[in-house]
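Trainee: please work out how this folds:
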Amino acid sequence: MAGNEPPKSAVELAMERLRKKDADAGITQLLLTDEQKTAIAELRSFYGAKIAEQEILHQSALRRTFDPGEREAIEAELRRDHQRLAEERDAKIAKIRETP
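Mentor: Below is the predicted model of the structure:
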């Protein structure tokens, strides 16, 4: 240990090893700008609201039917909608991260 530094935790040691491994492999870490962070936060908020809206509509549709087949179709539709929204969100976040 150098000087009066306190001992490092296991997490800190593991992170140092991972950073060294990435550096040896030529992987660089890109830091996000404040604008990128804001845009990503806004996207997450927007898509979180869209998913919440889908949940409300889903619950409403389930209350209107007692048919097991129809309920299963409603559940499948909700899963597809969630998957689609998550993919859209992730693609837009990836695009923001790639932008310098």
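Trainee: distance between the particular helix or strand that has E75 in it and the chain's centre?
Mentor: Using DSSP states H and E, E75 sits in helix 68-98. Distance of helix 68-98 from its chain centroid, counting by Cα atoms, centre = their mean, to the nearest Å, is 13 Å.
Trainee: which helices and strands sit right next to it?
Mentor: Using 3 or more Cβ pairs under 8 Å, 6 or more residues apart in numbering; DSSP states H and E, the elements in contact with helix 68-98 are helix 34-63. Every residue, glycine included, has its C-beta placed from N, CA and C.
Trainee: any idea of the mean pLDDT for the helix holding E75?
Mentor: The average of the pLDDT scores along helix 68-98 is 95.
Trainee: same check, this time on stretch 12-19
Mentor: pLDDT averaged over stretch 12-19 gives 88.
Trainee: can you list the buried residues in that stretch?
Mentor: Within stretch 12-19, no residue counts as buried by 16 or more other Cβ atoms under 10 Å.
Trainee: what residues does that stretch touch?
Mentor: Outside stretch 12-19, the residues that touch it by Cβ atoms under 8 Å, 6 or more residues apart in numbering are 8, 29.
Trainee: the helix holding E75: which residues count as buried?
Mentor: Neighbour-count burial for helix 68-98 [16+ other Cβ under 10 Å]: 74, 78, 81, 85, 89, 92-93, 96.
Trainee: orientation of that helix relative to helix 34-63 in degrees?
Mentor: Between helix 68-98 and helix 34-63, the angle comes out at 180 degrees (axes from the mean of the first three to the mean of the last three Cα atoms, to 10 degrees).
Trainee: closest one of the buried residues of helix 68-98 to D22?
Mentor: I93 (20.9 Å; Cβ to Cβ).
Trainee: without its sequence neighbours, what residue ends up closest to R44?
Mentor: Spatial nearest neighbour of R44, excluding adjacent residues (Cβ to Cβ, 6 or more residues apart in numbering): R89 at 7.0 Å.
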